[in-house]
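Student: Model the structure of this input:
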Amino acid sequence: MEAGGLADSLLSGACVLFTLGMFSTGLSDLKHMRMTRSVDSVQFLPFLTTDVNNLSWLSYGALKGNWTLIVVNAVGAVLQTLYILVYLHYCHRKAKVIRTKSTQRLSFSLTIATLLTSASWTFYGFRLKDPYIVVPNLPGILTSFIRFWLFWKYPQEQDRNYQLLQT
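Tutor: Next comes the predicted model:
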């Protein structure tokens, strides 16, 4: 296998691995919703935007015949749809969220996963010389750094009940 082919295969594998890792960060929210039977500390918007994003990338992957894009986004669409359905099942108990200077509602693991995923897809797009892969992933890198800054500026205080669920 030539060096470019090996590098492309490794980068493709990293994209899949990081993306599936990012999708799996919702499993802790899923577990939390099922155990507490509420959505009090879970955000809906990331599930919805990721699902729409997956369906868009799945369509693009199908048009390009790119199996890396097809497989990873099909898995993502199924998982995000599952998260949405569980969220909607428990959302009737959603408490009113008060705007605070707290990162308690932000997911640090999702921020790390988003940075790794967006960066790997951006590099993959550069390798393929495909701006349709590069450009949509740049905001994920930017927003990850903004969220890291927020975690630094407003350190996360652990919710005792949620912390117990994670052990």
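
Student: Could you give the number of residues near the residue nearest to Val42 when sequence neighbours are not counted?
Tutor: In this structure, Val42 finds its nearest non-sequential neighbour in Asp29, 4.7 Å apart by Cβ to Cβ, 6 or more residues apart in numbering. C-beta coordinates here come from the backbone N, C-alpha and C atoms, glycine included. Using other Cβ atoms under 10 Å, Asp29 is surrounded by 20 other residues.

Student: Going by neighbour count, list what's buried in the strand or helix carrying Asp29.
Tutor: Following DSSP states H and E, one finds Asp29 within helix 26-36. By 16 or more other Cβ atoms under 10 Å, the buried positions in helix 26-36 come out as Gly26, Ser28, Asp29, Leu30, His32, Met33, Thr36.

Student: quick one: contacts for the spatially most central residue of the chain?
Tutor: In the chain, the centroid-proximal residue (Cα atoms, centre = their mean) is Met22; its distance is 4.3 Å. Counting by Cβ atoms under 8 Å, 6 or more residues apart in numbering, Met22 makes contact with Leu110, Ala113, Thr114, Leu116, Thr117.

Student: Was I right to think the last one contacts Ser144?
Tutor: Translated: Thr117. No: when contacts are counted by Cβ atoms under 8 Å, Thr117 is not listed as touching Ser144 (9.2 Å).
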